[in-house]
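**Q** return atomic coordinates for the entry below.
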Amino acid sequence: MMGINHTCSLIRIHLPTCIDIHSNNEYISSLLINSILSIMVRELNQIFVSLLFNARNKVRFAMDDQFKPLDITDATWRTLYFLRQEGDGVQQKELARTMGIEGPSLVRLLDNLSEKKLIERRADPSDRRSKTIHLTAQAQPLLEELDQYAREVRSELFAEISDADLQTCVRVFERILSR
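**A** I've put the predicted structure just below:
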């Protein structure tokens, strides 16, 4: 089919030749422009989400590569990181919620950390059915080393990204997370 191609940075729209975007009919032009903008927004949303997932995977793989000598994965590091952020004695179910993962996934991570003597599980004094998680003394030096590795990964990944662009990304992510 013959037509006119219009490109707006990441999005290409193909209009059939029977549609004249230069029409003198304001109503039809307005409808056409609104339709095009609607398509562009949907496409842009899809592109954003796809890029977000791809960027997260790139960071995760880079962290996994960097942590390999320490026999630690990105998921293990994230668990230790969130434990430190939440403070000593966080409930297991609260940690899972904070990390955005299901309970059974967290249990496997905690089992691994417990075997490595990096955490302890204790009965919650306020609710014996619940467990609280505590970092051990062994975890602190490892966390410092992991933090250094993570800084190196971030430095490499963000080397050619301006502070202004990073600040914009942070604002966008904060707005998404606040909804």
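
**Q** ok, now how distant is Asn57 from Asp64?
**A** Applying CB to CB, to the nearest Å, the value for Asn57 to Asp64 is 10 Å. To be clear about C-beta, it is placed using only N, CA and C from the backbone, and glycine gets the same treatment.

**Q** and the two? Which one has more around it.
**A** Neighbour count, other CB atoms under 10 Å: between Asn57 and Asp64, Asp64 has more, with 16 against 10.

**Q** spatially, which residue comes closest to the more buried one, not counting chain neighbours?
**A** Nearest non-adjacent residue to Asp64, counting by CB to CB, 6 or more residues apart in numbering: Asp74, 5.1 Å away.

**Q** one more: Ala123?
**A** Using CB to CB, 6+ apart and skipping residues adjacent in sequence, the residue nearest Ala123 is Lys131, 6.6 Å away.

**Q** which ones are touching the spatially most central residue of the chain?
**A** To find the centre residue of the chain, average its C-alpha atoms and take the closest one (CA atoms, centre = their mean): that gives Arg56, at 5.0 Å. With contacts taken as CB atoms under 8 Å, 6 or more residues apart in numbering, Arg56 has no neighbouring residues.

**Q** parallel or antiparallel, list what pairs with the longest strand anywhere in the chain.
**A** When the chain is scanned for its longest strand (criterion: DSSP state E), the result is strand 127-135. Counting by DSSP bridges, the strands paired with strand 127-135 are strand 90-91 (antiparallel), strand 119-124 (antiparallel).

**Q** and among those, the most buried is which?
**A** Counting by mean count of other CB atoms under 10 Å, strand 90-91 has the highest mean neighbour count of the strands paired with strand 127-135, with a mean of 18.

**Q** mind checking which helix or strand of this protein has the lowest mean pLDDT?
**A** For the chain, using mean pLDDT, DSSP states H and E, the weakest element among its helices and strands is strand 3-8, scoring a mean of 45.

**Q** and the residue nearest to Asp64, what does it touch?
**A** 59-61, 63-64, 67.
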